[in-house]
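Visitor: A structural model of the following input is requested.
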Amino acid sequence: LSSPQNYPLYIRSVPTENELKFHYTVHTSLDVVDEKISAMGKALVDQRELYLGLLYPTEDYKVYGYVTNSKVKFVMVVDSSNTALRDNEIRSMFRKLHNSYTDIMCNPFYNPGDRIHSRAFDSMVNSMMMQVC
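Guide: Residues are numbered from 1 along each chain as shown. Have a look, this model is predicted:
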């Protein structure tokens, strides 16, 4: 998860040995997200949520993007060898993430823009990652 100003709100990676590589991939993909948002222009204003689809494939990974109406960006990096994940499954995973993020935003003790520290959000992300692996 990334804020509208592109600073990270939540980052999770499995396996953890290539964590720095995933962080780099996520941050470089934020530029692609911004390009897609600016290319869509006024059409973005009318939509309540925006699934950006495949941002770009690399040799080892596929990078997907999603933007909420409040310009919070979700980026997902998936192993290219995982052929079981289709576009509908990725879209569904982003919807689950968005719903969980909405639950966090509804918490009166959460300050918008702070890093996310939620056991419920962690467990939801972990369960999604276990389904994918």
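Visitor: what about residue 80, distance to residue 95?
Guide: 23 Å (CB to CB, to the nearest Å). Just so you know, the C-beta spots here come from the backbone N, C-alpha and C atoms, and that holds for glycine as well.
Visitor: ditto for residue 70
Guide: From residue 70 to residue 95 the distance is 16 Å (CB to CB).
Visitor: same check, this time on residue 61
Guide: 21 Å.
Visitor: who's more crowded, these two?
Guide: residue 61 (20 against 13; other CB atoms under 10 Å).
Visitor: contact partners for that one?
Guide: By CB atoms under 8 Å, 6 or more residues apart in numbering, the contact set of residue 61 is 25, 77, 78, 79, 80.
Visitor: quick one: contacts for residue 36?
Guide: Counted by CB under 8 Å, 6+ apart, residue 36 has contacts 52, 55, 65.
Visitor: in strands only, show me those.
Guide: Counted as lying in strands by DSSP state E, out of the contacts of residue 36, are 52, 55, 65.
Visitor: one step back: out of the contacts of residue 61, which end up buried?
Guide: Buried by 16 or more other CB atoms under 10 Å: 25, 77, 78, out of the contacts of residue 61.
Visitor: contact partners for residue 60?
Guide: 79, 80.
Visitor: tell me how far stretch 125-133 is from the chain's mean position?
Guide: 14 Å (CA atoms, centre = their mean, to the nearest Å).
Visitor: pLDDT on it, on average?
Guide: Stretch 125-133 shows a mean pLDDT of 82.
Visitor: next, the buried residues of that stretch.
Guide: 125, 128, 132.
Visitor: between those, which sits nearest residue 103?
Guide: Closest approach to residue 103 among those (CB to CB): residue 125, at 12.8 Å.
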